[in-house]
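K.L.:
pasting the structure only:
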């Protein structure tokens, strides 16, 4: 090869190397970055102001009741327990994948009974919520303990105004009710007596219980505002059987109507003795929801025929399915008037728990107690059996719309017709 050819080849080789060195590098795909693995969530930490109920997988969610299930007021307490149980039957006693535990304590319809029952319930940290109490006196004894334990209690039949009065010592955080406030019931009774019956004079009798004492006071105040005269405000004691003394005193001023919003058995003794008291033979008798039971008319006897009772009323058409379920479950209808209120109370609690509960992947349920209270207090426009329920900050959820006045018939006294199936004679 000639030197010229060799030199040319060498020059071309060098040039190609220079061009290759100057050419842009071949494009390469950028490495795909894998998303950073999420750190596993840590264990649930309760930040609630008054603590949480932690329910381990397989353990039950615990509801308790405080109701009188023995004694003269047993029909009211049993009816409340059963009314709430109808709501639990609808969900087959299961909530958030857990079975439901449903038990309770006998509150005996007294302050002392409520305190004893409240002590037992409050000492059990598994209890999430309490359906109770039946009687306002029970609430007075139980609620300080229930509140201190951080629990929530919702009553279907407490009606004493003090329980939701924030300025009264009987008002406690965590308390609500689906029952009407007696500020409504007392007014309804007074308006019926004055406007519908045309009564211009009235006497009242209470039994010293918070329920009866406050209710007769509201009645007397409204009756006087309407223009009527209160001739006497008397009292009997729980356990009294001889009512002749108090009735003789009342007869002195011959009132047109006697209003005695008390309980059995004292109510039966009063109703029966009224017709045997000189001067009261034609005086009208009126009671309230504490006597609106299946057992009261027979106890009142012949003198009970025609007696009026204010109390809860739910349109039969609206509660037809509920009553059918109640009868199917227990083989009989409610013995007192607050079963629908107990049903609404339980339904509200169930909905509130579902709204605040935190459920872990393994099924553990955490229920923050203050959040549960707040959720219940925030209940608004709940379409219940007992009407539209909207809770205020003090625990009143009912407006008094589910009230009416009933009249005892001869059939109720004979036991051939249940008072609780009577149509009302007046609705406000």
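P.N.:
That came through, no problem. Predicted, not measured: the structure shown is a model, and the values here were computed from it. Residues are numbered from 1 along each chain as shown.
K.L.:
Could you work out the end-to-end span of stretch 277-287 for me?
P.N.:
Stretch 277-287 has an end-to-end distance of 18 Å (criterion: CA to CA, to the nearest Å).
K.L.:
go on, stretch 386-396?
P.N.:
Stretch 386-396 end-to-end distance (CA to CA) = 13 Å.
K.L.:
And for stretch 226-241?
P.N.:
34 Å.
K.L.:
contact partners of stretch 222-233?
P.N.:
186-187, 190-191, 193-195, 199-206, 216-217, 220, 249-250, 252-255 (CB atoms under 8 Å, 6 or more residues apart in numbering). No exception for glycine: its C-beta is placed from N, CA and C like everyone else's.
K.L.:
Helices - which of those residues land there?
P.N.:
Per DSSP state H, helices hold the following members of the contacts of stretch 222-233: 186-187, 190-191, 216-217, 220, 249-250.
K.L.:
And the residues you listed, which is closest to residue 327?
P.N.:
residue 186 (32.4 Å; CB to CB).
K.L.:
how near is the closest residue to the closest one other than its chain neighbours to residue 420?
P.N.:
Spatial nearest neighbour of residue 186, chain neighbours left out: residue 218 (2.7 Å); criterion: CB to CB, 6 or more residues apart in numbering. Computed with CB to CB, to the nearest Å, the distance linking residue 218 and residue 420 is 24 Å.
K.L.:
Check residue 177 too.
P.N.:
21 Å.
K.L.:
Then residue 53?
P.N.:
36 Å.
K.L.:
Could I get the contacting residues of residue 387?
P.N.:
Residue 387 neighbours (CB under 8 Å, 6+ apart): 398-399, 401-402.
K.L.:
Residue 264 too?
P.N.:
72-73, 290-291, 293, 295-296, 299.
K.L.:
Over to residue 417?
P.N.:
Contacts of residue 417 (CB under 8 Å, 6+ apart): 409, 411.
K.L.:
what secondary structure does it sit in?
P.N.:
coil (DSSP: H, G, I helix; E, B strand; the rest coil).
K.L.:
For the stretch 101-250 of the chain, just list every one of the helices.
P.N.:
111-122, 136-148, 182-191, 210-226, 244-251 (DSSP state H, counting those that start in this stretch).
K.L.:
ok, then the element right after the shortest one?
P.N.:
Tracing the chain C-terminally past helix 244-251 and defining elements by DSSP states H and E, one meets strand 257-259 next.
K.L.:
Quick one: mean pLDDT for that following strand?
P.N.:
Across strand 257-259, pLDDT averages out at 98.
K.L.:
Show me what it is packed up against.
P.N.:
In terms of contacts (3 or more CB pairs under 8 Å, 6 or more residues apart in numbering; DSSP states H and E), strand 257-259 is packed against strand 201-206, strand 284-287.
K.L.:
out of the ones you listed, nearest to residue 343?
P.N.:
Proximity to residue 343, assessed across those by CB to CB, is greatest for strand 284-287 (24.3 Å).
K.L.:
Tell me the strands beside that closest one, with direction?
P.N.:
Strand 284-287 has its sheet partners listed here by DSSP bridges as strand 257-259 (parallel), strand 308-312 (parallel).
K.L.:
List the residues that contact the residue nearest to residue 173 when sequence neighbours are not counted.
P.N.:
Using CB to CB, 6+ apart and skipping residues adjacent in sequence, the residue nearest residue 173 is residue 147, 5.3 Å away. Residue 147 is in contact with 172-175, counting by CB under 8 Å, 6+ apart.
K.L.:
again, 6 Å this time
P.N.:
172-174 (CB atoms under 6 Å, 6 or more residues apart in numbering).
K.L.:
What of residue 160?
P.N.:
So residue 160 contacts 136, 210-211, 214 (CB under 6 Å, 6+ apart).
K.L.:
mind listing what's buried in the strand with the most length in the chain?
P.N.:
When the chain is parsed with DSSP state E, its longest strand is strand 98-106. For strand 98-106, burial by neighbour count (16 or more other CB atoms under 10 Å) applies to 98, 100, 102, 104-106.
K.L.:
go on, stretch 140-156?
P.N.:
For stretch 140-156, by 16+ other CB under 10 Å, it's 140-147, 149-156.
K.L.:
And the residues you listed, which is closest to residue 350?
P.N.:
residue 154 (11.2 Å).
K.L.:
which stretches of this structure have low pLDDT?
P.N.:
Applying pLDDT under 70 to the chain flags residues 1-41.
K.L.:
What number of residues are in the vicinity of residue 393?
P.N.:
A total of 9 residues lie near residue 393 under the criterion other CB atoms under 10 Å.
K.L.:
SS state for it?
P.N.:
Looking at residue 393 with three-state DSSP, the answer is coil.
K.L.:
Give me the phi and psi angles of it.
P.N.:
phi -70, psi -20 (degrees, to the nearest 10).
K.L.:
and residue 268, that's in a helix?
P.N.:
Yes. When three-state DSSP is applied, residue 268 is found to be in a helix.
K.L.:
Remind me which helix or strand the closest residue to it other than its chain neighbours belongs to.
P.N.:
In space, residue 268 comes closest to residue 299 once its chain neighbours are excluded; the distance is 3.2 Å by CB to CB, 6+ apart. According to DSSP H and E, residue 299 maps onto helix 296-300.
K.L.:
buried sites along that helix?
P.N.:
By 16+ other CB under 10 Å, the buried positions in helix 296-300 come out as 296-297, 299-300.
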